[in-house]
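> Sequence and predicted structure below; questions after.
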Amino acid sequence: MDTIAPVARIDVISDSICPWCYIGKRNLEGALKILAAEGLHFSVMWHPFQLNPDMPAEGVERKAYREAKFGGPEKAKAIDERITATAATVGLEFHLDRLTRTPNTVNSHRLIRMAGQEGVQDAVVEALFKAYFCEGADIGDPEILAGVGGAGGLDPDAVFKMLKSEEHRREVLGGDQMARNAGIQGVPSFALQGHVLFSGAQPPEEMAKAFSHAWGILKNQAA
């Protein structure tokens, strides 16, 4: 059976520790199904953004960090509860209580970039989000990231070797800076053919409408 080539590319700017990015991924998957039913097919590419660019390489203890960031344990707990409840509405079972570290995410973005080159980016992004939000894994740990890469279809030994080198670091940091230069301040942010359309984990129907409308404009401009 013939396959239909994607007509355009959706770029997702995200961070590995952003819960709204995982929720946004689920909503994007729903939007892509709506668009496919309309005869519109898109490829998806994930790009780096650091919510905490000054995070130490080893990460920090999550509980104390979040309590300081959000103004106390009650507020931090309330935020986690709201996120967990929202995630459940899209079929995701978050276990944020299992998290002990807030990691530096550069290495996770290097893994995502490697996965993109190997054609398994979606599976690796999914495995990465699942490991962090559902299983409480420290995704700043190279050994854990190697396992995540393996779950997504990469060779774990190759992932570990890459993370012990400087491969993809410059490109990831450059991509993060490029997003900031483009005015992106929050994630997930979504672009079509290089044009940033919106930020936030919008419902699938709203995403589909935005992509369909933008694609129509871009086609008319190219005509």
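That came through, no problem.
> okay, residue 100: pLDDT?
Residue 100 is assigned a pLDDT of 96 by the prediction.
> how much space between it and residue 132?
Residue 100 sits 11 Å away from residue 132, going by C-beta to C-beta, to the nearest Å. Every residue, glycine included, has its C-beta placed from N, CA and C.
> how about residue 126, secondary structure?
Recorded secondary structure, residue 126: helix (DSSP: H, G, I helix; E, B strand; the rest coil).
> quick one: contacts for it?
Counting by C-beta atoms under 8 Å, 6 or more residues apart in numbering, residue 126 touches 25, 152.
> Next, find the distance separating it from residue 50.
The gap separating residue 126 from residue 50 is 20 Å, by C-beta to C-beta.
> got the contact list for residue 204?
Neighbour list for residue 204: 27-31, 33-34 [criterion: C-beta under 8 Å, 6+ apart].
> what helix or strand does residue 175 sit in?
According to DSSP states H and E, residue 175 maps onto helix 169-181.
> nearest residue to residue 18 other than its sequence neighbours?
Nearest non-adjacent residue to residue 18, counting by C-beta to C-beta, 6 or more residues apart in numbering: residue 187, 5.3 Å away.
> which residues touch the one you found?
If you count contacts by C-beta under 8 Å, 6+ apart, residue 187 has them with 13-15, 18, 20-21, 49, 51, 199.
> If we use 6 Å, what do you get?
13-15, 18, 21, 49 (C-beta atoms under 6 Å, 6 or more residues apart in numbering).
> about what we covered before: ok, residue 100 and residue 132, which is more surrounded?
Each of residue 100 and residue 132 has its neighbours counted (other C-beta atoms under 10 Å); residue 132 has more, 28 against 12.
> wait, that one sits on residue 139?
Yes. The pair residue 132 and residue 139 qualifies as a contact (C-beta atoms under 6 Å) at a distance of 5.0 Å.
> If I look at the residue nearest to residue 18, what pLDDT would I see?
pLDDT, residue 187: 98.
> do you know how far it is from residue 58?
Note on residue 187: its distance to residue 58, by C-beta to C-beta, is 23 Å.
> quick one on the thing from earlier: of the contacts of residue 187, which pair is most distant in space?
13 and 18 (10.2 Å; C-beta to C-beta).
> So for the two, which residue has more residues nearby?
Neighbours per residue (other C-beta under 10 Å) separate residue 13 from residue 18, with residue 13 holding more: 24 against 20.
> Identify the residue nearest that one in space, chain neighbours excluded?
Nearest in space to residue 13, with sequence neighbours left out and distances taken as C-beta to C-beta, 6+ apart, is residue 189 at 4.3 Å.
> and that neighbour, backbone torsions?
phi -120, psi 150 (degrees, to the nearest 10).
> Would you mind measuring from it to residue 114?
Where residue 114 is concerned, residue 189 sits at a distance of 22 Å (C-beta to C-beta).
> Looking at these two, which is more packed in?
The residue with more neighbours, out of residue 189 and residue 114, is residue 189; 23 against 20, by other C-beta under 10 Å.
> Could you measure from that one over to residue 182?
Using C-beta to C-beta, residue 189 is found at 9 Å from residue 182.
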